[in-house]
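*Asks:* Need a 3D model of the following:
(one chain, ligands or ions: 2)
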Amino acid sequence: MAMVGEMWSHLGSTMGTLMLVYTVFKQFFPHHLQGSFEKYFNRIVRYAYPYVEITFDEFTGERMKRSEAYFRIKSYLSDKSTASAKRLKADVVKDSQSAVLSMDYNEEITEEFQGVKIWWSAKRTLSKTPRIAIYPADDEKKSYKLTVHKRHRELITQSYISHVMKAGKEIETRNRQRKLYSNNPSQDWDGYRSNKWSNVLFEHPATFDTLAMDAKLKEEIKNDLIKFSKGKDYYARIGKAWKRGYLLYGPPGTGKSSMIAAMANLLNYDVYDLELTAVKENTELRRLLLDTSSKSIIVIEDIDCSIDLTGQREKKTEKDGNEDEPSDPVTKRVKDKKKKNSKVTLSGLLNCIDGLWSSCGGERIIVFTTNYVEKLDPALIRRGRMDKHIELSYCCFDAFKVFAKNYLEVDSHSLFGEIESLLGETNMTPADVAENLMPKSDYDDVETCLKRLVEALKDTKEEAKKKVEDEARLMAEKEEEEKQRKKPEKEEKEQSGKDVKEVKENGVAKVGEEVKEIGVTH
Ligand SMILES: Nc1ncnc2c1ncn2[C@@H]1O[C@H](COP(=O)(O)OP(=O)(O)OP(=O)(O)O)[C@@H](O)[C@H]1O
Ligand SMILES: [Mg+2]
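*Replies:* Ligands and ions are numbered 1, 2, ... in the order given. Model prediction:
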């Protein structure tokens, strides 16, 4: 603070003198010359003012994008200001335990870098128009200002700023609170501000260790993700945007959402859960995607029912009678209404995805999930857009072993053999296997849980067998019905065929007879 005082007293005396000169002399100039006087006076001020000021705004590029530099400085200064500033803001609560502090607006702190004094101040310009709102106004601006004596300009621009950026990034990583974002409806957006997304702390406990699936496939996915996260230089070298697309498909309850959480936990990324039905049009989608940060996973769940993405294909199935259309009229109405509200098109989504990768920083993963991969338009899932297609299917023995280890803490048991062969013969989702293995009371031991699973597997097997038999019976009945329906028709046809033949044959005979008769008469 002593240094700040020193600077301000020095500045104060210089500027005070200059302002006095300005006020006194300006009145001696005729009105039409006052403009020129002001211009030259400003030049003198600039010459006399011995400091350089550099401002870092929160938003860049017509306020479309948040400035990374601003947030790095924020982290850097939060570390410094915790020790020296008198007024602090508590921004985020880390692990719900401790507050992350940063310097308050209009507060200044000072530091020394290689023997040079540097002053930092945080500034917020409030909206000029009075308003009552939850979100800050669009014309509110936040910035950090660095002030240093101009003889140190080179040191600052060449070394100090990169030092701040590097240290800020390290602090950011250390204090990073992973978040789960969901998009707000556009009527709640406020200009280009940050309220396009709401967020909560991301605390999903799923990891690749808890994910039950084929061990080889799991290892492959993990390696792929780690390679991607370390691939900055690689992607730059091959001239590709630093992004990767995953398509997760499979029946409900096979672990698609759990895998997304495991991905985020493995890479320490944020998750943006994009609800497409709440996005009205393509431009909105673009703005939403531009407002995501790097080190993030953008998720579009159930892409097949999010929006009319399938275009031609869906129209075709509708004509043919779409089997997946909900039969319940209420559900159908809600689904139709959501689709009608959204004008996001398949090509809009594709352009956004492709544009996103090139127009903003990298390190983004996009994940689509679906229960019906065959319903998706090939353009949406072609390689390059969705780089990896992962099928999550019914529980296999590998997956069961993960559950047994995690839920019951066993690696082997006499029932494992039976379970393995039953799993090979039945389709049970991992969600159902997990549910059966979970102890239901304090008295449930390993044996009880495994036996319950065996029983459930047998039941499922039996149900499946019965279903196949019922279907076969139904089919046979239908065929028989069809046969019966066609039988009279056939008989009728056969009969009428016979009659025609007879008529033809009789007709010829009669004519012959007639001829004969005529012949006889003659
Ligand atoms: N492969 C798995 N590994 C571990 N747990 C699983 C797995 N699959 C399902 N589960 C369990 O079942 C629950 C439902 O799984 P999840 O939500 O991941 O399925 P999903 O494939 O996303 O289903 P949906 O298609 O309905 O969205 C999870 O809470 C998890 O506990
Ligand atoms: Mg899911």
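*Asks:* What ranges in the protein fall below the confidence cut-off?
*Replies:* For the chain, the stretches flagged by pLDDT under 70 are 1-22, 26, 45-46, 61-65, 81-102, 126-139, 190-194, 307-342, 356-361, 499-522.
*Asks:* Could you rerun that using 50?
*Replies:* 1-5, 9, 12, 94, 96, 132-135, 310-324, 326, 508-522 (pLDDT under 50).
*Asks:* Enumerate the residues of it near ligand 2.
*Replies:* Applying C-beta under 5 Å from the ion, we find that the chain lies next to ligand 2 at K256, S257. C-betas here are computed from N, CA, C, even on glycine.
*Asks:* Close to ligand 1: what parts of the stretch 351-500 of the chain are there?
*Replies:* Contacts of the stretch 351-500 of the chain with ligand 1, taken as C-beta under 6 Å from any ligand atom, map to N371, A399, P430, A431, A434.
*Asks:* Ligand 2 versus the last one, what's the distance?
*Replies:* According to C-beta to the ion, to the nearest Å, A434 and ligand 2 sit 14 Å apart.
*Asks:* Now for that residue: which residues touch it?
*Replies:* A212, F403, Y407 (C-beta atoms under 8 Å, 6 or more residues apart in numbering).
*Asks:* which one of those residues is nearest ligand 2?
*Replies:* Ligand 2 has its nearest neighbour among the contacts of A434 in A212, at 14.9 Å by C-beta to the ion.
*Asks:* So that closest one belongs to a strand, correct?
*Replies:* No - counting by DSSP: H, G, I helix; E, B strand; the rest coil, A212 is not part of a strand but coil.
*Asks:* Beta-bridge partners for S182, please?
*Replies:* S198, D273 (DSSP bridges).
*Asks:* Please list all residues in contact with it.
*Replies:* S182 sits next to W197, S198, N199, Y272, D273, E275 when contact means C-beta under 8 Å, 6+ apart.
*Asks:* What residues does the fourth one make contact with?
*Replies:* Meaning Y272. By C-beta under 8 Å, 6+ apart, the residues touching Y272 are Y181, S182, N183, W197, T292, S296, I297, I298, V299.
*Asks:* quick revisit: kindly present the contacts of S182 as TSV, with separate columns for distance to R244.
*Replies:* As requested, those are arranged in TSV below (distance: C-beta to C-beta, whole Å):
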residue	distance to R244
W197	21
S198	26
N199	23
Y272	15
D273	18
E275	22
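*Asks:* Most widely separated two among the residues you listed?
*Replies:* N199 and E275 (13.9 Å; C-beta to C-beta).
*Asks:* Show me which of the contacts of S182 is closest to ligand 1.
*Replies:* Nearest to ligand 1 among the contacts of S182, counting by C-beta to the nearest ligand atom, is D273 at 12.1 Å.
*Asks:* Y372 versus that closest one, what's the distance?
*Replies:* 20 Å (C-beta to C-beta, to the nearest Å).
*Asks:* So for those two, which residue has more residues nearby?
*Replies:* D273 (16 against 13; other C-beta atoms under 10 Å).
*Asks:* how about the residues of the protein near ligand 1?
*Replies:* 210-213, 252-258, 371, 399, 430-431, 434.
*Asks:* Compute the number of surrounding residues for the residue of the stretch 151-300 of the chain found nearest ligand 1.
*Replies:* Ligand 1 sits closest to G255 of the stretch 151-300 of the chain, with a gap of 2.7 Å, by C-beta to the nearest ligand atom. Residues lying near G255 (other C-beta under 10 Å) number 24.
*Asks:* and if you look at T370?
*Replies:* Using other C-beta under 10 Å: T370 sits among 22 other residues.
*Asks:* cool, P205 as well?
*Replies:* 9.
*Asks:* Looks to me like it is in a helix.
*Replies:* No - with three-state DSSP as the criterion, P205 is coil rather than part of a helix.
*Asks:* which ones are touching it?
*Replies:* A261 are the contacts of P205 under C-beta under 8 Å, 6+ apart.
*Asks:* let's go with 6 Å and repeat that
*Replies:* With contact set as C-beta atoms under 6 Å, 6 or more residues apart in numbering, P205 has no partners.
*Asks:* cool, and the one 3 residues further on?
*Replies:* Residues touching F208, when contacts are defined by C-beta under 6 Å, 6+ apart, comprise K222, A262, L266.
*Asks:* Which secondary structure state is assigned to it?
*Replies:* What three-state DSSP gives for F208 is coil.
*Asks:* For F368, see how far away it is.
*Replies:* Noted for F208: a distance of 20 Å to F368, by C-beta to C-beta.
*Asks:* can you check A278 too?
*Replies:* 17 Å.
*Asks:* just Y407 next, same as before
*Replies:* Y407 is 30 Å from F368, by C-beta to C-beta.
*Asks:* what about the residue in the chain positioned nearest to ligand 2, which SS state?
*Replies:* Using C-beta to the ion, the closest approach of the chain to ligand 2 is made by S257 at 3.3 Å. In three-state terms, and counting by three-state DSSP, S257 is helix.
*Asks:* Neighbours of it, how many?
*Replies:* By other C-beta under 10 Å, neighbour count at S257 equals 17.
*Asks:* Ok, L248 next?
*Replies:* Neighbour tally, L248, other C-beta under 10 Å: 25.
*Asks:* Can you tell me the strand partners of the helix or strand harbouring it and which way each runs?
*Replies:* If you go by DSSP states H and E, L248 is part of strand 243-249. Listed by DSSP bridges, the sheet partners of strand 243-249 and their directions read strand 364-370 (parallel), strand 388-391 (parallel).
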